[in-house]
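no sequence on this one, just coordinates:
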């Protein structure tokens, strides 16, 4: 049963990746600033090939809503297993606020999402943020850091 479920999830993930992740003309991204002043937290990665996964504390659109921050300054998110949309773009940190900027060339939208860090988790800041598709994330909602790094990244290339 686990193998069948894993296979279905993998197939769905491949289908979802095809919905937005483009390959031509992607912008080059510089490594993001990873020190977060005044919070005592730091967003660090063991290597340039690692990523961090954060999952919304509520249920997404047919499953977990996950945000993956890659060490190279790119990110991806999906609102849940039933979503056909995968958002991709670049992230940066300034004065303890994480800003994710959607890649309009690849996704068709110029969304911006802002979060603050709290104990290793992300807390959504509605002020200055776009609305996510398919889910209603509210100001103060948490995205919980999953233990361990995935070691996987979705690059804008």
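Yep, that arrived. Please read these numbers as outputs of a predicted model, since none were measured by experiment.

shaky segments in the chain?
Low-confidence segments of the chain (pLDDT under 70): 1-47, 147-157.

do a quick rundown of the helices in it.
Along the chain, counting by DSSP state H, helices occupy 2-20, 104-107.

list the buried residues for the shortest one?
Okay, so that is helix 104-107. Residues 106-107 are the ones in helix 104-107 that count as buried (16 or more other CB atoms under 10 Å). From N, CA and C alone the C-beta is placed, and that goes for glycine too.

same for it, what does it pack against?
Where contact means 3 or more CB pairs under 8 Å, 6 or more residues apart in numbering; DSSP states H and E, helix 104-107 is packed against strand 86-94.

what's the local residue count around residue 66?
Neighbour count for residue 66, taken as other CB atoms under 10 Å: 18.

quickly note the distance from it to residue 130.
18 Å (CB to CB, to the nearest Å).

also residue 94?
With distances taken as CB to CB, residue 94 is found 18 Å from residue 130.

with neighbour numbers in mind, choose between the two.
residue 130 (16 against 11).

isn't that one right up against residue 111?
Yes - shown here, residue 130 and residue 111 form a contact pair, counting by CB atoms under 8 Å, at 3.8 Å.

quickly list what's touching both of the two.
Taking CB atoms under 8 Å, 6 or more residues apart in numbering as the contact rule, the neighbours common to residue 130 and residue 111 are residue 102.

give me the beta-bridge partners of residue 115?
residue 98, residue 124 (DSSP bridges).
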